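> sequence and predicted structure are below.
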Amino acid sequence: MPSFGTPSIKVIPEPKEIVAKGKPVRLEQVNAILANRVDRFAADILQKTFKDVCHLEIPILESQKASGAGKAVVIGIPNRDPWVAEFCSRYAVEFPEELGDEGYVLLVDGGGILVAAKGAAGVFYGVQTLVQVLESGSRDGELPGLWVRDWPDMRYRGLLIDISRGPVPRIDYLKKVIHTMARYKLNMLTLYTEHTFAFKKHPVISPPGAALTAEEIKALGAYAGQHCVELVGNFQSLGHFRNILKHREYRDLAETPFRWVVSPAKKGTYKLLEELFSEIVPAYESEWFIVGCDEPWHLGEGASKAWAEEIGVDGVYLEHLLKLREILGRYGKRTMFWGDMVLKYPRLISRIPKDVVVLNWAYSAQTDYRDRVKAFAKADIKQLLCPGVCCWNRIFPDYVNAISNIQNFVREGYRGGALGMLNTAWNDDGENLFGCNWYGILWGAECAWGPERANREAFREKFSPCFYSADLPEVTHAIELLGSCEHVIWPEYTLGIKTDALFWEDPFNADTPKEVKGFWEKIREVGRRAEEAETLLEKAVSCVKRERENLDFLIFAARRTALLARKFLEGRNILAEYRSLSKHPFEAERAASKLEALGWRLAELRAQMEDLEDEYGRLWLKEYRPFWLEVNLAKYDALIKRLETRATQLLRIAKERIRGKPLPPPEILLKEGD
């Protein structure tokens with residue numbers, strides 16, 4: 001089948017082969033959805049789309065009722081379902097080997113609509129494509145003639161959500177995430193877990209109101225399975241153990257007083273891990289389980305120092321990894337682990353068992369990841385490529401970095417025979433609102449489905465039609481504006497302070513303006529971009545047909561970014577004007593009037609911060625449990641207090657000036673106290 005685009009059809013991820021061919025179908029003439037009961041869940045999704053998008057009530061008929069259904073949407077597997085086989089025979093539909101279990105054929109012709117595949121996942125994904133076609137391709141109640149043949153290039157197309165550094169998603173929101181992932185053919189989800197699982201044998205570990213129970217995980221796994229999403233277990237089992245080792249019951253298991261690493265040299269370590277694994281591992285149905293083991297800082301420097309001197313730090317690490325693999329094997333699980341330590345100690349690579357999978361992570365945008373991929377590919381070690389949406393520590397994801405990171409890393413991994421992609425959404429500082437991440441998540445879906453074909457320009461044109469069911473290029477432009485703000489201030493991807501931390505800095509005595517070259521021009525440009533983005537998004541609110549609520553998250557990010565810039569610029573201007581007043585004294589009444597104006601300007605900034613805090617709290621509770629919200633609201637309260645203190649100072653100084661009291665030196669505004 002030749003491959004060429006059909007401009008009126010927009011689908012994420014882009015199908016392999018799509019051809020404008022055949023007669024159109026009048027949708028009001030479709031009188032049934034024919035489906036095997038095995039595919040009933042996919043049929044229900046399609047039925048709902050016909051109702052919501054086309055305003056048509058179409059019944060679902062099972063195989064025994066298929067005869068005489070007339071013009072229908074036929075979904076299923078030809079080797080199993082006779083009515084599907086008949087449709088395929090009529091149109092000489094072929095199923096090449098590369099379709100596999102997840103590939104599908106979609107045909108729209110005057111005689112009806114066909115979704116056919118070799119397996120249930122393929123039927124499900126074919127329906128997801130048809131759903132997007134109905135949303136973007138139907139015109140005047142008609143679908144154009146269409147042939148699609150499609151399949152994924154990578155077996156695993158996953159997403160990691162960090163639930164251990166602050167935000168813990170609500171179960172209903174995680175279901176929404178799974179539903180959305182499935183729509184764009186992502187098929188793996190893992191929840192990064194350090195301590196947010198409800199361990200019955202060790203209840204002190206789980207923070208109240210934050211832990212997911214085994215029952216919740218099992219129910220979520222079943223829900224994910226319906227959506228062809230595999231929920232993979234995840235538990236940090238070496239480094240990142242601080243949230244457990246901080247409790248007095250476990251402190252003696254720490255490698256060093258930093259209590260970051262649980263020591264492989266302590267006898268109690270494996271007793272604890274076995275007890276924890278006995279609860280968390282069986283909660284997940286997937287054959288895979290992620291044991292973490294990344295960033296084990298100070299391993300070999302404390303309790304395991306003598307052992308490390310004997311066999312090396314890498315030897316200690318490998319022994320620990322093998323022990324974890326042994327424990328998981330008792331549950332019939334296979335091990336996944338982060339690959340940074342193996343890259344640090346390359347001689348380990350040849351000693352890694354071939355039945356484990358390395359999570360090969362890199363988050364900075366590069367044009368060439370070949371060496372990183374080849375390190376494991378040459379040793380025949382299976383790997384998942386783990387880029388990131390670059391949301392952590394930021395008001396809005398740094399999409400300048402993330403788009404290149406995701407595309408180039410995944411493509412290089414595909415060329416190196418990687419099993420797939422695990423896109424990551426971390427929460428390092430605990431502030432991230434997940435709703436801002438979807439552009440990067442869908443781009444990951446695009447790249448993992450077709451690594452060699454992913455096209456940035458084509459994706460940006462279809463994102464809004466596919467995600468919001470409305471062709472609004474201004475929304476995509478707003479996302480790009482916000483996604484470039486981080487890059488304006490810090491052109492190179494680095495660790496350290498980002499816009500979240502910058503937002504909390506005191507506008508009168510912050511360090512960043514002194515450290516970043518050209519800061520004031522940059523922050524002014526950031527403000528301009530944010531304000532333009534907000535304007536574009538506000539205009540789009542009434543036009544979107546899907547994911548309307550998501551725009552609230554984007555608008556919030558635009559307002560917060562604009563307020564970040566306004567805070568610094570207003571603080572600088574107020575300080576400059578105060579210095580001018582102190583150098584050039586006016587008569588008392590005139591000086592007091594100017595001082596009073598400065599005070600009210602700062603009070604207005606304070607009020608805007610308070611409004612922003614309220615909106616942040618509202619949006620947080622749309623996605624997350626209340627846990628950790630008070631930590632972030634305290635940051636708002638502290639900044640609001642600083643602004644209030646300065647505003648009160650200026651208003652008091654204005655009154656004192658009328659009474660003839662001289663102006664205090666400008667340094668008074670540089671102090672945080674009253």
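Happy to help now that I have it.
> and Asp552, how many neighbours?
17 (other Cβ atoms under 10 Å). Every C-beta, even on glycine, is put in place using the N, C-alpha and C of the backbone.
> residues contacting it?
By Cβ atoms under 8 Å, 6 or more residues apart in numbering, the contact set of Asp552 is Gly435, Leu619.
> could you do the one 4 residues further on as well?
Residues in contact with Phe556 (Cβ under 8 Å, 6+ apart) are Leu433, Leu612, Glu615, Tyr616, Leu619.
> now which of these would you call buried?
By neighbour count, with 16 or more other Cβ atoms under 10 Å, the contacts of Phe556 hold Leu433, Leu612, Tyr616, Leu619 as buried.
> got the phi/psi numbers for the residue sitting nearest the centre point of the chain?
Centroid check for the chain by Cα atoms, centre = their mean gives Ala425 as the closest residue, at 4.0 Å. The phi/psi pair for Ala425 (degrees, to the nearest 10) reads phi -130, psi 90.
> against Asn360, how distant is it?
Remark: distance between Ala425 and Asn360 (Cβ to Cβ, to the nearest Å) = 17 Å.
> how about low-confidence regions in the stretch 451-600 of the chain?
Residue ranges of the stretch 451-600 of the chain with pLDDT under 70: 585.
> now the strands for it?
Here the stretch 451-600 of the chain has no strands by DSSP state E, counting those that start in this stretch.
> just the helices in the stretch 201-350 of the chain please.
Assigned by DSSP state H, counting those that start in this stretch, the helices in the stretch 201-350 of the chain fall at 214-226, 242-245, 267-280, 305-311, 313-329, 340-344.
> now those as CSV including distance to Gly417?
As requested, those are arranged in CSV below (distance: least, Cβ to Cβ, whole Å):
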stretch, distance to Gly417
helix 214-226, 27
helix 242-245, 36
helix 267-280, 30
helix 305-311, 31
helix 313-329, 22
helix 340-344, 17
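> can you redo those helices as TSV with mean neighbour count, distance to Arg572 and mean pLDDT?
Rendered in TSV, the data for the helices of the stretch 201-350 of the chain read as follows (neighbours: other Cβ atoms under 10 Å; distance: least, Cβ to Cβ, whole Å; pLDDT from 0 to 100):
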stretch	mean neighbour count	distance to Arg572	mean pLDDT
helix 214-226	16	49	98
helix 242-245	19	38	98
helix 267-280	16	51	97
helix 305-311	14	51	98
helix 313-329	19	48	98
helix 340-344	18	41	97
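> could you give the number of residues near Ser89?
Using other Cβ under 10 Å, Ser89 has 10 other residues around it.
> avg pLDDT for the helix or strand harbouring it?
Under the criterion of DSSP states H and E, Ser89 resides in helix 82-90. For helix 82-90, the per-residue pLDDT values average out at 93.
> returning to that earlier point: nearest to Gly413, of the buried ones among the contacts of Phe556?
Of all the buried ones among the contacts of Phe556, Gly413 sits closest to Leu433, with 28.9 Å by Cβ to Cβ.
> got a list of what that closest one touches?
Per Cβ under 8 Å, 6+ apart, neighbours of Leu433: Phe553, Phe556, Ala557, Tyr616, Leu619, Trp620, Glu623.
> ok, so of these, who is nearest Ala121?
Distances from Ala121 to the contacts of Leu433, taken by Cβ to Cβ, are shortest for Glu623, at 27.8 Å.
> wait, that closest one touches Ile171, no?
No: Glu623 is beyond contact range of Ile171, at 11.4 Å (criterion: Cβ atoms under 8 Å).
> of those two, who's got more company?
Just comparing Glu623 and Ile171: by other Cβ under 10 Å the higher neighbour count belongs to Glu623, 20 against 16.
> and the gap between the more buried one and Phe50?
Noted for Glu623: a distance of 29 Å to Phe50, by Cβ to Cβ.
> do the same with Met188
Met188 is 29 Å from Phe50, by Cβ to Cβ.
> now do Ala214
From Ala214 to Phe50 the distance is 38 Å (Cβ to Cβ).
> ditto for Tyr173
Using Cβ to Cβ, which is the criterion applied here, Tyr173 is 27 Å from Phe50.
> ok, the residue sitting furthest away from the middle of the chain - contacts?
Within the chain, the residue lying farthest from the chain centre (Cα atoms, centre = their mean) is Gly660, at 58.1 Å. Contacts were defined as Cβ under 8 Å, 6+ apart; by that measure Gly660 touches Ala588.
> okay, it: pLDDT?
Confidence score, pLDDT, at Gly660: 85.
> would it be right to say that it lies in a strand?
No: applying DSSP: H, G, I helix; E, B strand; the rest coil, one finds Gly660 to be coil, outside a strand.
> measure it to Ala592 for me?
Counting by Cβ to Cβ, the gap from Gly660 to Ala592 is 10 Å.
> just give me the neighbour total for the closest residue to Cys485 other than its chain neighbours.
Spatially, and ignoring its direct neighbours in sequence, Cys485 is nearest to Val526 (4.7 Å; Cβ to Cβ, 6 or more residues apart in numbering). By the measure other Cβ under 10 Å, the count of residues near Val526 is 26.
> so Val526 touches Ser484, yeah?
No: in this structure, Val526 is not within contact of Ser484 by Cβ under 8 Å, at 9.0 Å.
> neighbours of the closest residue to Leu273 other than its chain neighbours, just the number please.
Once flanking residues are discounted, Leu273 sits nearest to Ser237: 6.1 Å by Cβ to Cβ, 6+ apart. A count of neighbours around Ser237, defined by other Cβ under 10 Å, yields 26.
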